[in-house]
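In: Need coordinates for the following:
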Amino acid sequence: MGPAIIVFPDCFTALGGNQYVNSSAIGDYADYLTREIIPFVDREFRTLAAREHRGCFGKSSGGYGSIIHGMKYAKYWGAIADHSGDAYFDFVYHCDWPNTLNQLAKYRRPGQRPGRYDAAKRAGAPGLDRGHDDGRVRRFLAAVWRKPKLSHGEVMAIMNLCMAATYDPDPRAPLGFRLPCNLETGELIPRNWQRWRAHDPIYLVAGHVRALRSLRAIYIDCGWRDQFHIHYGTRILARRLAELDIPHRYEEFDDDHSDVDYRMDLSLPFLARALGA
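Out: Reported below is the predicted structural model:
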């Protein structure tokens, strides 16, 4: 590929990662990228300052952000590349919430003891059926940020909490966001989960056909052994793009979700060709 200016903004948050959308709980990162970073880069560097020459790419959460920006913020981007981006939330996120609840249960008050369990009282505590924190999430976050090293379960729990803050913020709720399920029983709260699904790329495609067709190029790929099952969501996404006659390139490869940056050897030249002068 020819020369290019590649920008890597630091979007680390108090809850770890970032989905690059606006959220009152962790910040308006879509606005940050489009209204602050783009003008800054165009002002400070010798760019071709037009959306036709500007692309957006990323992996995992960054891949999700890329496809979402291709849908909702296409006036800023001329092409996008989505590597293993989150899609089909019912597969990707929902299945891991039991593990997250087990991590959070270590911080419930009072703690669990053997013997009789009053399910009606515990699960019916104020706010739990609305997805509110009863204090265990706050205590969990305070504890893990003091640790020098986290377990895999703790990392995944932070990730799921970050998703809750991204997809279902509520300034009136404890910590500024709602959880998708009851902390005691794990019962899904339909209204809360529907707000998550409203951010799922597979459900957004049909409402953003014009924006997606306006892009010079769309690249999507995913490993068919992705441990978060994202390949199923990307297949659905690619299928819906095809059904709507939205030009795109979708590839799969023999790998999982981790350490797949080598796939940018394909996507970056693809973007450079599409965005060239």
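
In: Report the distance from the helix or strand bottoming out on mean pLDDT in the chain to the chain centre.
Out: Within the chain, no helix or strand scores below helix 119-123, which has a mean of 90 by mean pLDDT, DSSP states H and E. Computed by C-alpha atoms, centre = their mean, to the nearest Å, the chain-centroid distance of helix 119-123 equals 32 Å.

In: swap in stretch 126-138?
Out: 22 Å.

In: Name the residues of it that are buried.
Out: L128, D129, G131, H132, D133, D134, R136, V137 (16 or more other C-beta atoms under 10 Å). In this view, the C-beta of every residue, glycine as well, is placed from N, C-alpha and C.

In: still on that earlier bit, who's in contact with the least confident helix or strand of the chain?
Out: D129, N182, E184, T185, E187 (C-beta atoms under 8 Å, 6 or more residues apart in numbering).

In: Would you mind pulling the contact partners of the helix or strand that it is followed by?
Out: Of the helices and strands lying after helix 119-123 in sequence (DSSP states H and E), the nearest is helix 136-144. Helix 136-144 has contacts (C-beta under 8 Å, 6+ apart) with 15, 103-109, 150, 154, 157-158, 161, 174-175, 179, 183.

In: coming back round to it: closest one of the buried residues of stretch 126-138 to I67?
Out: Nearest to I67 out of the buried residues of stretch 126-138 is G131 (C-beta to C-beta; 26.3 Å).

In: how near is the nearest residue to that closest one once chain neighbours are set aside to G115?
Out: Leaving aside its chain neighbours, G131 sits nearest to R178 (3.7 Å; criterion: C-beta to C-beta, 6 or more residues apart in numbering). According to C-beta to C-beta, to the nearest Å, R178 and G115 sit 31 Å apart.

In: Just want to know which of these two has more residues nearby.
Out: R178 (25 against 5; other C-beta atoms under 10 Å).

In: check contacts around the more buried one.
Out: Applying C-beta under 8 Å, 6+ apart, the residues contacting R178 are R130, G131, H132, A164, D168, P169, D170, I189, N192, R195.
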